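1. just a sequence and a predicted model for now, questions to come.
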Amino acid sequence: MSATGEAAVVQPWPRRSTAAKPRLGFVGLGWIGRARMEALVDAQVADVVAVADVDPALAEEAAQVSDARAYESLDVLLEQRLDGVVIATPSALHAAHAMAALEHEQAVFCQKPLARTAAEAAQVVAMAHAHDRLLGVDFNYRCMTGIAALREQIRAGDLGDLYAIDLTFHNAYGPGKAWFYDVTQSGGGCVMDLGVHLIDLAMWVTGRARVDAVDANLYQQGKRLLPPITAPEDYASVHYRLDDGTNVRLTCSWRLPAGADAVIEASFYGTRGGASLRNVRGSFHDFTVDRHDGTRTHRLAGPPDAWDGRALVDWVRKLARDDRFDPEARRFVDVAAIVDRIYGR
């Protein structure tokens, strides 16, 4: 490590040929890992050649879908000739698995969150920089049709001076895996599971990452949790202020009786107009993206839109062009730092 705490840059291995599709491995074949793998196979932009899971049956089943070889562990998978690894293991393992892959000179695409804390995330990003390898995180809400156009409008000042952002993610259900309810493994509750998507989206759309003040109220079964948070919250009401004065309000929850499967929204308000992303009729998959001028609305995009696996497909296409470290990965640490402050860490 250098005196600044960042790993020194090491000499990278020889680069892959851009004439061939990237050769990828998948570790973690639960529903999200399997869904991402199938989206990648359908897109035909990479060859999935190796898979691994703690459940051998899941690995063997996934291997049949992708015509890959199943391995008994990440360590064995990493010994194969790969260009990148897709990580969809439990959150507590993300940082360690990502760093192991990077040490093997393999690019990494990781499910969110990249790590449980900003300190862990910073270690992963430093490792990616040291080994000069591409690092991506599955913040897939960035990839909905219409979001890129909304980003361009906001950054160009079409909404005027931005002063408020409202973020909402209520899930009528809760995670089915026990590790989600152990903060040492998950890093947190509904903010870490759901809210992090919208925190990242607001940062990515606006280009603003620094936070001056945070006021967080977290609850578990109706009882307020006091920092430092050691239990997973199932409801959160958070206000934070960006360093330019923009006010951000975030609410998210598990099992909220909101009258729908999900309530998901990200709204941006400026002195000359507004814009919003909203889910349709409680759907987790169907969204509208709108521009608002007073009482008038102009639709930028709406369903159908097969966006779920698009972040991974886009990452693979970028990997095929250039597998070097992208400095934008440092934004992942900024997201984790906001989450840390919400949890009083």
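-> Arrived safely, thanks for sending.
2. so which strand or helix has the closest residue in space to Val335 that isn't next to it in sequence?
-> Excluding the flanking residues, the one nearest Val335 by CB to CB, 6 or more residues apart in numbering is Asp200, at 4.9 Å. C-beta: built from backbone N, CA, C; applies to glycine. Per DSSP states H and E, Asp200 falls inside helix 196-206.
3. who touches that helix?
-> If you take CB atoms under 8 Å, 6 or more residues apart in numbering as the criterion, helix 196-206 is touched by 112-113, 139-142, 147, 150-151, 154-155, 162, 165, 167-169, 208-209, 242, 246, 248, 250, 252, 266, 268, 277, 331, 334-335, 338-339.
4. out of those residues, list just those in helices.
-> Mapping the contacts of helix 196-206 onto helices (DSSP state H) picks out Ile147, Leu150, Arg151, Ile154, Arg155, Arg331, Asp334, Val335, Ile338, Val339.
5. re the thing from before, now the contacts of helix 196-206: which count as buried?
-> 112-113, 139-142, 147, 150-151, 154, 162, 165, 167-169, 208-209, 242, 246, 248, 250, 252, 266, 268, 277, 331, 334-335, 338-339 (16 or more other CB atoms under 10 Å).
6. contacting residues for His292?
-> Gly273, Gly274, Ala275, Ser276, His298.
7. redo that, cut-off 10 Å
-> Counting by CB atoms under 10 Å, 6 or more residues apart in numbering, His292 touches Leu159, Ser267, Phe268, Tyr269, Gly273, Gly274, Ala275, Ser276, His298.
8. that's a strand at it, yeah?
-> Yes. Applying DSSP: H, G, I helix; E, B strand; the rest coil, one finds His292 inside a strand.
9. any idea how far Arg299 is from it?
-> According to CB to CB, to the nearest Å, His292 and Arg299 sit 11 Å apart.
10. now swap in Ala46 and tell me
-> 33 Å.
11. among these two, which residue is more densely surrounded?
-> In terms of neighbours (other CB atoms under 10 Å), Ala46 is the more surrounded of Ala46 and Arg299; the figures are 24 against 10.
12. okay, the more buried one: pLDDT?
-> With respect to pLDDT, Ala46 scores 97.
13. check Asp243 too.
-> pLDDT, read off for Asp243, is 85.
14. ignoring the adjacent residues along the chain, who's closest to it?
-> Using CB to CB, 6+ apart, the closest residue to Asp243 is Arg210 (4.1 Å).
15. from memory the one you found sits against Ile338, does it?
-> Yes. Taking contacts as CB atoms under 10 Å, Arg210 lies within contact range of Ile338: 9.4 Å.
16. now Ala63, nearest residue through space, not along the chain?
-> Ala63's closest residue in space is Ala70 (CB to CB, 6+ apart), at 4.1 Å.
17. list the buried ones in the host helix or strand of that neighbour?
-> According to DSSP H and E, Ala70 maps onto strand 69-71. Within strand 69-71, the residues that qualify as buried are Arg69, Ala70, Tyr71, counting by 16+ other CB under 10 Å.
18. now do stretch 56-63
-> Leu58, Ala59, Ala62, Ala63.
19. need these in a markdown table (columns: pLDDT and distance to Arg317).
-> Output for the buried residues of stretch 56-63, formatted as a markdown table (pLDDT from 0 to 100; distance: CB to CB, whole Å):
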| residue | pLDDT | distance to Arg317 |
| --- | --- | --- |
| Leu58 | 95 | 27 |
| Ala59 | 95 | 26 |
| Ala62 | 94 | 22 |
| Ala63 | 95 | 24 |
